[in-house]
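Asker: any chance you could fold what I've pasted below:
(one chain, ligands or ions: 1)
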Amino acid sequence: MAGNIEPVSARREAGRGVAVALLVWAMLGGAMVATWAAMRRWWFPPLASSQGADIDRLFGIIFAVISVVFILVQATLGLALWRFGSRGESHRASHWHEHRGLEIGWTTITAVTLIALTVLGGSLWLRVHSAPPADARTVEVVAEQFGWRFHYPGPDGVLAAVDLTADRRGSPLGIRSDAPGAADDIVSRELVVEVNRPVRLLIRSKDVIHSFYVPNMRFKQDAVPGRVVEIWFTPVQAGTFPIACAELCGVGHYVMASTLKVVTPEEYQSWLASFARGAL
Ligand SMILES: [Cu+2]
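Answerer: Predicted structure coming up:
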């Protein structure tokens, strides 16, 4: 009796294995086509900073490595389902707990890959976070629910020191009007910088954690209350680029945007001159 039933159910089980294998391969193919289409239409915005090319290159390397691993894993999963989905109740699966060669192999390959990516990422991080060049212009970035303000040194080139304990009403950005160099300092709602001139940013927050994000510059840095984070970049393309907050910071997070304008040195000087003296 049992001998009549088993082959039918075994065949159905085997068919299920093949069907799921085809489903896995179809999903893998779909993911590859969708990724290819997305890369053609919605990939990175145009690059406009000197550091960005290295960041994009490393992103490409990591993306290639994880793509190969993903495709191998999914293809092998489908193969296993196809081949071993079921071979009937009489054919029991074999189990083993150790295979030294395989274990050493996959542990070594994974470790070497991750160490290589860590070294590449670490060296790039050190380059991006190196000391700014001597000719860099300094601008202070102040984040606040829900907007950005940019504090410039003014014609005297002296950026007034910030006092984070200053009275908020008397000194909204923590810049005391009686501080040395403060008289001609400028506060703007948009960030204006010169093309091909390094910019050193001092990033602060007045309230919660925000993140200063300029996609075209491949630049993203948290603004942390109570701290001043220094970072620099060199814009190499003139134009207007969006600035966003990349840290969910409250109900108005979605409107926390600004504009980066990269202009010629002449345009920069006339923009500075357009501010009235004592713009603070
Ligand atoms: Cu924010």
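Asker: alpha carbons only for contacts and neighbour counts from here, please
Answerer: Will do.
Asker: please identify which helix or strand holds residue 77.
Answerer: helix 52-84 (DSSP states H and E).
Asker: the very next helix or strand once past that helix vs helix 52-84, what angle?
Answerer: Scanning forward in sequence from helix 52-84 by DSSP H and E, the next helix or strand is helix 100-128. Interaxial angle of helix 100-128 relative to helix 52-84 (axes from the mean of the first three to the mean of the last three CA atoms, to 10 degrees): 160 degrees.
Asker: buried ones in the helix or strand hosting residue 232?
Answerer: Assigned by DSSP H and E, residue 232 falls within strand 229-233. By neighbour count on 16 or more other CA atoms under 10 Å, the buried set for strand 229-233 is 229-233.
Asker: of these, list those near the ion.
Answerer: When contact is defined as CA under 5 Å from the ion, these do not meet the ion at all.
Asker: can you put those in TSV and add pLDDT?
Answerer: Converted to TSV, the buried residues of strand 229-233 look like this (pLDDT from 0 to 100):
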residue	pLDDT
229	91
230	92
231	91
232	93
233	92
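Asker: which one of these sits closest to residue 252?
Answerer: Closest approach to residue 252 among these (CA to CA): residue 229, at 23.3 Å.
Asker: tell me the contacts of the spatially closest residue to that closest one that is not a sequence neighbour?
Answerer: Closest residue in space to residue 229, ignoring its immediate chain neighbours: residue 203 at 5.0 Å, by CA to CA, 6 or more residues apart in numbering. Counting by CA atoms under 8 Å, 6 or more residues apart in numbering, residue 203 makes contact with 140-143, 222-223, 228-231.
Asker: quick check, nearest of those residues to the ion?
Answerer: The ion has its nearest neighbour among the contacts of residue 203 in residue 143, at 6.9 Å by CA to the ion.
Asker: counting neighbours, what do you get for the closest one?
Answerer: Residue neighbour count, defined by other CA atoms under 10 Å, stands at 27 for residue 143.
Asker: if residue 225 is in a bridge, with which residues?
Answerer: Beta-bridge pairing of residue 225 under DSSP bridges involves residue 205.
Asker: same check on the one 10 residues further on?
Answerer: Each beta-bridge partner of residue 235 is listed here, defined by DSSP bridges: residue 49.
Asker: am I right that it is in contact with residue 195?
Answerer: Yes - applying CA atoms under 8 Å, one finds residue 235 in contact with residue 195, separated by 5.5 Å.
Asker: list residues touching both of these two?
Answerer: Joint contacts of residue 235 and residue 195 (CA under 8 Å, 6+ apart) are residue 262.
Asker: settle it for me: which of those two has more neighbours?
Answerer: Shown here are residue 235 and residue 195; by other CA under 10 Å, residue 235 has more neighbours (25 against 21).
Asker: how far away is that one from the ion?
Answerer: Noted for residue 235: a distance of 23 Å to the ion, by CA to the ion, to the nearest Å.
Asker: ok, the residue of the chain found nearest the ion - contacts?
Answerer: The nearest approach of the chain to the ion comes at residue 210, 4.1 Å away (CA to the ion). By CA under 8 Å, 6+ apart, the contact set of residue 210 is 143-144, 222-224, 245-249.
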